[in-house]
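Participant: Pasting the sequence and the predicted coordinates here, then a few questions.
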Amino acid sequence: MKAALYARVSSEEQLEGYSIDAQKRSFQSLARDKGWETYREYVDEGKSARTDNINKRPAFKEVITDALAGRFDVVVVHKLDRFARNLRITLEYFDKLSKAGVSFVSINENMDFSTPWGRLALTLLGGLAQFYSDNLSQETKKGWHERREQGLYCGTLPFGAIKSEGGIPMPDMQERKSEVGGQEIVVHNYDGLKMAFKLAANGESDREVAVALNTAGYRTTGTHGSRPFSKDTVKDMVTNKFYVGYISDGNGGWIKAKHEHFVEPTLFDEVKKMRDLRKTNKLTVRADASVYSLSGIARCADCGSTLRSFKGRGRVRLACNGRLKGGQCTQPSTFLDIYEEQLVAYLKAFSIPDDYQGKILEAHRKLDQAYDVKKQRATLESRLQKLTDLYEWGHKTKEKYLAEYAAVQRELQQLAPVESKKGMLEKLAIFLLDVASAWEQASQVQRNRLATCLLESVLIKDKKVVAVVPRPEFKPFFDLQYEGLSQGVLHWRPRGDLNPRSPP
């Protein structure tokens with residue numbers, strides 16, 4: 001096996017004497033003991049693992065890119081927090097590694113996912129990233145619901161707005177430096193907001209408004225950082241009722257907010273009229289880009305083409321792409337829910353042995369303990385207080401203080417509430433105990449995550465699920481249970497004559 005090390009120290013840890021050399025020595029010792037070949041050592045010096053943006057950690061981005069390209073077999077870290085300081089982010093990248101067939105080892109936490117059971121655990125933990133994210137989202141929504149009841153905005157403020165001392169959005173008149181035509185200028189985002197609405201009210205297209213804003217030196221704000229405007233960011237801005245004193249009710253509607261309007265309601269209405277007029281002169285056809293349970297894994301057993309989904313009159317239909325594109329395939333289309341019923345009947349025969357369930361749950365507990373949320377929350381709250389002190393003492397400018405304060409607040413929002421951990425593990429236990437039950441309770445997107453976690457493809461012929469191809473990690477379980485499964489749905493066997501036809 002080829003092994004790669006990912007080592008990291010943050011700026012603060014460099015000052016405190018943390019050593020890259022110590023991380024390298026631990027890795028080299030492990031590689032010798034395991035008989036692994038060292039592929040490469042990837043090192044990020046002075047980089048924080050708190051950010052979700054891997055572009056800010058070039059060595060991390062490179063090790064993930066090389067892992068997905070199959071250049072080595074296992075990623076090794078000295079300690080889990082070298083990899084990431086956020087459980088959700090860790091699970092997401094575990095998912096990427098498992099799909100690429102790359103294992104993971106954390107020396108300090110004694111997590112070895114390079115063994116057969118470890119690869120299975122890595123696959124399941126990675127596949128749970130969406131479930132973890134959904135659970136965290138539910139907890140966050142509770143807080144947002146309370147804020148909405150008070151008429152307060154939830155989330156990152158849109159362009160042209162900042163929070164006042166009382167937490168109410170107000171016009172963003174901060175001075176921001178920008179470069180236009182090789183010269184440095186000062187802009188105020190609220191002026192750019194008014195400029196965008198006036199141009200849109202005069203009939204300028206979203207693209208034309210974006211060009212005007214970029215030319216004037218304005219850049220976007222928010223979670224994606226400072227970037228040039230595009231037609232999509234302009235569209236979101238000039239149709240956002242936040243600017244006329246409303247906030248989203250969380251269900252697609254709007255409710256009156258505590259903040260005052262940023263643009264005159266008459267100007268907002270004029271922009272809407274002009275946009276409606278422009279639409280009457282255009283016909284826009286968009287493909288249905290929704291994700292359904294079998295998206296990406298449903299395949300025609302005859303020609304091997306993927307199946308394409310269409311939604312009409314409330315039901316989703318799957319059709320062979322080979323036939324749609326004028327090929328020779330004659331497979332008929334039918335409804336997704338029919339295939340789902342057949343697949344659930346098959347999944348009910350699938351279970352993971354108790355000893356494996358216990359091992360996977362224990363691996364998840366180790367991960368959970370490695371990310372001490374209480375400690376992280378206390379650290380972040382302490383940083384907020386320190387930032388406030390530095391600003392009040394005059395050691396930080398208002399602009400820098402607000403930017404850093406907002407960044408720490410975002411990290412706080414991403415932390416899962418401590419009380420949700422027990423519920424997370426209970427959900428995981430149910431998932432492992434009864435895959436079919438987890439499927440029935442899941443949304444279409446969650447079902448797709450679950451299906452791709454277990455299976456490489458689902459083969460369909462004559463309106464029936466005739467076979468499934470399990471992921472290699474799960475093949476032993478499918479083999480063990482093969483004899484007891486319904487003969488109506490089979491998975492591919494090593495002997496070709498046992499299959500309906502050779503897999504595509």
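Facilitator: Thanks, I have it. Numbering: from 1, shown residues only.
Participant: Got the domain ranges for this structure?
Facilitator: Domain assignment for the chain by automatic domain parsing gives 2-132, 150-280, 298-351+434-498.
Participant: between these, which gets nearest to residue 362?
Facilitator: domain 2-132 (8.9 Å; Cβ to Cβ). Any C-beta I mention is one placed from the backbone N, CA and C, and that applies to glycine too.
Participant: Point to the residue nearest the middle of the protein.
Facilitator: Relative to the mean C-alpha position of the chain, the nearest C-alpha, by Cα atoms, centre = their mean, is the one of residue 92, at 7.0 Å.
Participant: about what we covered before: quick one: which of the domains of the chain has the weakest pLDDT on average?
Facilitator: Within the domains of the chain, the stretch with the lowest mean pLDDT is domain 298-351+434-498, showing a mean of 75.
Participant: just how off-centre is that one within its chain?
Facilitator: Computed by Cα atoms, centre = their mean, to the nearest Å, the chain-centroid distance of domain 298-351+434-498 equals 25 Å.
Participant: So which of the domains of the chain is the most surrounded?
Facilitator: The highest mean neighbour count among the domains of the chain belongs to domain 2-132 (a mean of 18), with neighbours defined as mean count of other Cβ atoms under 10 Å.
Participant: Disregarding flanking residues, what is the spatial nearest neighbour of residue 334?
Facilitator: Nearest in space to residue 334, with sequence neighbours left out and distances taken as Cβ to Cβ, 6 or more residues apart in numbering, is residue 463 at 4.5 Å.
Participant: and that neighbour, what does it touch?
Facilitator: Shown here is residue 463, whose contacts under the criterion Cβ atoms under 8 Å, 6 or more residues apart in numbering are 332, 334, 338.
Participant: at 10 Å what do you get?
Facilitator: Contacts were defined as Cβ atoms under 10 Å, 6 or more residues apart in numbering; by that measure residue 463 touches 318, 331, 332, 333, 334, 335, 338, 339, 342.
Participant: before we move on, what SS does the third one have?
Facilitator: Under DSSP: H, G, I helix; E, B strand; the rest coil, residue 332 falls in the coil class.
Participant: Dihedrals phi and psi, the closest residue to it other than its chain neighbours?
Facilitator: In space, and not counting its chain neighbours, residue 332 is closest to residue 463: 6.1 Å by Cβ to Cβ, 6+ apart. The phi/psi pair for residue 463 (degrees, to the nearest 10) reads phi 60, psi 20.
Participant: Can you tell me how far residue 463 is from residue 97?
Facilitator: Shown here: residue 463 relative to residue 97, a distance of 37 Å by Cβ to Cβ, to the nearest Å.
Participant: re the thing from before, and the domains of the chain: which comes nearest residue 370?
Facilitator: domain 2-132 (4.4 Å).
Participant: Wait, residue 248 touches residue 256, no?
Facilitator: No - counting by Cβ atoms under 10 Å, residue 248 stays clear of residue 256, with 11.9 Å between them.
Participant: hang on, residue 458 is in a strand, isn't it?
Facilitator: Yes - assessed by three-state DSSP, residue 458 belongs to a strand.
Participant: Now do the contacts for it.
Facilitator: Contacts here follow Cβ under 10 Å, 6+ apart; on that basis residue 458 touches 293-294, 297-299, 301, 307, 339, 342-343, 346, 451, 465-469, 489.
Participant: Which neighbouring elements make contact with the strand or helix carrying residue 449?
Facilitator: For residue 449, the host element (DSSP states H and E) is helix 444-454. Judged by 3 or more Cβ pairs under 10 Å, 6 or more residues apart in numbering; DSSP states H and E, the packing partners of helix 444-454 are helix 87-99, helix 116-127, helix 129-149, helix 336-347, helix 435-441, strand 464-470.
Participant: 8 Å instead, please
Facilitator: Counting contacts by 3 or more Cβ pairs under 8 Å, 6 or more residues apart in numbering; DSSP states H and E, helix 444-454 packs against helix 116-127, helix 129-149, helix 435-441.
Participant: Mind listing residues that contact the helix or strand following the second one?
Facilitator: Okay, so that is helix 129-149. Per DSSP H and E, helix 129-149 leads on to strand 161-163 as the next helix or strand towards the C-terminus. Contacts of strand 161-163 with the rest of the structure, by Cβ under 8 Å, 6+ apart, involve 157, 169, 170, 171, 172, 174, 190, 242, 259, 262, 402.
Participant: Strand 161-163: partners in the sheet, and parallel or antiparallel?
Facilitator: Strands that pair with strand 161-163, judged by DSSP bridges, come out as strand 169-171 (antiparallel).
Participant: and the helix or strand following the strand it pairs with, what does it pack onto?
Facilitator: From strand 169-171 onward toward the C-terminus, using DSSP H and E, the following helix or strand is strand 176-180. Of the remaining helices and strands, those touching strand 176-180 by 3+ Cβ pairs under 8 Å, 6+ apart are strand 183-187.
Participant: Taking strand 176-180 as reference, get the angle to the very next helix or strand once past the strand it packs on.
Facilitator: Read in the C-terminal direction, the helix or strand following strand 183-187 is helix 189-201, with elements assigned using DSSP H and E. Helix 189-201 runs at 50 degrees relative to strand 176-180, counting by axes from the mean of the first three to the mean of the last three Cα atoms, to 10 degrees.
Participant: residues in contact with helix 189-201?
Facilitator: When contacts are defined by Cβ under 8 Å, 6+ apart, helix 189-201 is touched by residues 159-161, 171-174, 176, 206, 208-209, 212-213, 216, 218, 221, 234, 237-238, 243, 262-263, 267-268, 270-271, 274-275.
Participant: Report all helices and strands that the following helix or strand past that helix contacts.
Facilitator: In the C-terminal direction, the helix or strand that comes right after helix 189-201 (DSSP H and E) is helix 206-215. Based on contacts counted as 3+ Cβ pairs under 8 Å, 6+ apart, the elements that helix 206-215 packs against are helix 189-201, helix 231-238.
Participant: want to throw those into JSON lines with distance to residue 442?
Facilitator: As requested, the helices and strands packed on helix 206-215 are exported to JSON lines (distance: least, Cβ to Cβ, whole Å):
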{"stretch": "helix 189-201", "distance to residue 442": "40"}
{"stretch": "helix 231-238", "distance to residue 442": "29"}
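Participant: quick one: which of those helices is nearest residue 20?
Facilitator: Within those, the stretch nearest residue 20 is helix 231-238; the backing value is 39.5 Å (Cβ to Cβ).
Participant: Next, the angle from the closest one to helix 206-215.
Facilitator: Direction vectors for helix 231-238 and helix 206-215, defined by the same axes, to 10 degrees, enclose an angle of 90 degrees.
Participant: Give me the helices and strands touching helix 231-238, please.
Facilitator: For helix 231-238, the packing partners by 3+ Cβ pairs under 8 Å, 6+ apart come out as helix 189-201, helix 206-215.
Participant: redo that, cut-off 6 Å
Facilitator: In this structure, helix 231-238 makes packing contacts with helix 206-215, judged by 3 or more Cβ pairs under 6 Å, 6 or more residues apart in numbering; DSSP states H and E.
Participant: Need the residues that contact the helix it packs on.
Facilitator: Applying Cβ atoms under 6 Å, 6 or more residues apart in numbering, the set of residues contacting helix 206-215 from outside is 192, 196, 199, 200, 228, 229, 230, 231, 234, 235.
Participant: now, the most widely separated pair of the residues you listed?
Facilitator: Distance extremes for the contacts of helix 206-215: the farthest pair is 200 and 228 at 17.6 Å, using Cβ to Cβ.
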